[in-house]
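Undergrad: whatever this is, show me its structure:
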Amino acid sequence: MTRASLRAYATAALGVATATLLGALAGDHITVTDQAMLFLPAILLAALGGRGPSLAAAALSVGSFDFFISEPRFTFAVSDTRSLITFAVMFGVGMTIGTLVARSRVAEAASHDRERRTLAMLAFTRDTIEAVNEAGVIAAAETHVRAAVHAGAHVQRGAGATVGIRLDGEPSITSDQHAFIEAVARQAEIAIGRLQLATVAREAALRATAEELRSTLLSSVSHDLRTPLAAITGMATALRDAKEPRSASTTEALDTIIAEAQRLSRILTNLLAITKVESGAEPRRDWVPLEEIVGPALARLDTELAGRIVAVDVPPTALAHVDPILVEQLLQNLLENAAKHTPAGTPIDITVRREADRAILEVADRGPGLAPGMHIKVFEKFYRGTAAVVGAGLGLAVCRAIVTAHHGGIDAQARVGGGVRFAAWFPDVGPLPVVPVVPVVPVVPVVPDEGEPVRLASGS
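TA: Numbering: from 1, shown residues only. Below you'll find the model as predicted:
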């Protein structure tokens, strides 16, 4: 029995003794009922110590009243049956009061415990909000758990933000303390998850800001370079085509200037295209016969495709709901990529077909092909398959950006026998218009002069 319990029982006995003394001294000056009422304060006082002291006080009160006050005195004999009712009422009232007071004390203690736990959780929550990193949350959890259970505590992390709390030794903890520890663990999980999300959000914001700055810079620089680049190309072309005698080395230098200027112009065009579509600009889509896109694209790449056989299979009725300028640039990039990776004399195939509710544009070559796992990486910006290939690594990235802007897709697949087939598809928007079929007159292949590509008509 604890010291507090002994003190409570002593208080009960003292209270009953006092009530008995007062009742005996009052004697006949007050009624028996009044004498019985003197024991109620003693029982109430004892009830403050708990239900046990309350019941003890009630029993002592009945016994003392019977022995010292009720007639005949100094004996437990009962001469009047009404005294039995008095004893029963005294004991019942005492037990009821004691029980009610004890319950109220327990409820009060529980209320104080809940208040302490609430304040502790509020303090812990405040500390987790102020924490700037995961270590701060863990330190706060360990501090508050140690204060609650008076034992060492260590936070253990699992996968992701899962949190466990280990106590030093095997301390005896109450159910309330266990509930508090679980609440701290859950709150720590939430706080760590919040910090992780905040970190991801900050990194995403930084990436977005850097991407926006990069796009703005590239767009500005590209626009600013186009005018002087056009002037350089024009002046070099005029000098090369002038009817003035010049050395072979001078002519070769002018050809190199023009070729490099054109290459730089295509790079700037790709930069402008990728910044445009990645900024969210919607393509200006219209129903376009794809053969009207293939022809200009081939014409613009005469130099790059020199000495190569280009086979074209484009039905005149093959329509696509696309931005013709962007799709022509996509085709130019695919053809330029094929020319870079295939030696002269190897064929390059251009195929257009319709499939259900979409148009498909394919460019296939017989180059070295793709290494395993590279069918996705080749579409990343600034990626080049080999350092020997000249270029900025933007062509295929621009192709992916263009088809994405059209809500389509593009993929690369190895061909049987070597080479790569790039297929870009563009979904229809709205019903496909009806186009009258015009017979196509086959064109007989003509052996070109050296350096000129061969064009094969549809079906040849």
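Undergrad: list the contacts of stretch 99-115.
TA: With Cβ atoms under 8 Å, 6 or more residues apart in numbering as the test, stretch 99-115 has contacts from Leu44, Ala47, Leu48, Gly50, Arg51, Ser54, Asp176. Yep, even glycine has a C-beta here, placed from its N, CA and C like the rest.
Undergrad: make sure Ala147 is indeed in a helix.
TA: Yes - using DSSP: H, G, I helix; E, B strand; the rest coil, the assignment for Ala147 is a helix.
Undergrad: who's in contact with it?
TA: Ala120.
Undergrad: summarise which helices and strands the strand or helix carrying Ala253 is packed against.
TA: Assigned by DSSP states H and E, Ala253 belongs to helix 248-278. Contacts defined by 3 or more Cβ pairs under 8 Å, 6 or more residues apart in numbering; DSSP states H and E place helix 248-278 against helix 175-241, helix 324-341, helix 395-405.
Undergrad: need those in a markdown table (columns: mean neighbour count).
TA: Formatted as a markdown table, the helices and strands packed on helix 248-278 follow (neighbours: other Cβ atoms under 10 Å):
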| stretch | mean neighbour count |
| --- | --- |
| helix 175-241 | 14 |
| helix 324-341 | 23 |
| helix 395-405 | 23 |
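Undergrad: would you mind giving the ones you listed as JSON lines with distance to Met374 and mean pLDDT added?
TA: Below are these laid out as JSON lines (distance: least, Cβ to Cβ, whole Å; pLDDT from 0 to 100):
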{"stretch": "helix 175-241", "distance to Met374": "24", "mean pLDDT": "81"}
{"stretch": "helix 324-341", "distance to Met374": "12", "mean pLDDT": "90"}
{"stretch": "helix 395-405", "distance to Met374": "11", "mean pLDDT": "89"}
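Undergrad: can I get those helices in JSON lines with distance to Ala135?
TA: Listed next are those as JSON lines, based on distance: least, Cβ to Cβ, whole Å:
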{"stretch": "helix 175-241", "distance to Ala135": "10"}
{"stretch": "helix 324-341", "distance to Ala135": "49"}
{"stretch": "helix 395-405", "distance to Ala135": "40"}
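Undergrad: so what's the residue count around Leu55?
TA: 20 (other Cβ atoms under 10 Å).
Undergrad: ok, now His144?
TA: For His144, using other Cβ under 10 Å, the count is 23.
Undergrad: need the contact list for it.
TA: Neighbours of His144 in contact, by Cβ under 8 Å, 6+ apart: Ala120, Ala123, Phe124, Asp127, Val184.
Undergrad: Leu370 now?
TA: If you count contacts by Cβ under 8 Å, 6+ apart, then Leu370 has Val378, Gly385, Ala412, Ala414, Val420 around it.
Undergrad: please convert those residues to CSV, extending it with secondary structure.
TA: Formatted as CSV, those follow (three-state DSSP):
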residue, secondary structure
Val378, coil
Gly385, coil
Ala412, strand
Ala414, strand
Val420, strand
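Undergrad: and those, which two are the farthest apart?
TA: Greatest spacing in the contacts of Leu370, by Cβ to Cβ: Gly385 and Ala414 (13.1 Å).
Undergrad: give me the more crowded residue out of these two.
TA: Gly385 (20 against 15).
Undergrad: could you pull out the strands in the stretch 51-200 of the chain for me?
TA: Assigned by DSSP state E, counting those that start in this stretch, the strands in the stretch 51-200 of the chain fall at 153-157, 163-167.
Undergrad: buried stuff in stretch 243-261?
TA: Leu254, Ile257, Ile258, Ala261 (16 or more other Cβ atoms under 10 Å).
Undergrad: measure the closest residue to the third one other than its chain neighbours to Ala242 for me?
TA: So the one you mean is Ile258. Nearest residue to Ile258, sequence neighbours excluded (Cβ to Cβ, 6 or more residues apart in numbering): Ala236, at 4.9 Å. Noted for Ala236: a distance of 11 Å to Ala242, by Cβ to Cβ, to the nearest Å.
Undergrad: burial of Glu292, as a residue count?
TA: Based on other Cβ under 10 Å, the number of other residues close to Glu292 is 12.
Undergrad: ok but it is inside a helix, no?
TA: Yes - looking at Glu292 with three-state DSSP, it is inside a helix.
Undergrad: next up, the contacts around it.
TA: Contacts of Glu292 by Cβ under 8 Å, 6+ apart are Pro324.
Undergrad: going forward, begin numbering at 23 instead of 1
TA: New numbering, starting at 23: the last item is Glu314.
Undergrad: so for it, what's the pLDDT?
TA: Looking at Glu314, its pLDDT is 91.
Undergrad: and if you look at the one 10 residues further on?
TA: Asp324 is assigned a predicted lDDT (pLDDT) of 84.
Undergrad: what strand or helix carries it?
TA: Per DSSP H and E, there is no helix or strand for Asp324.
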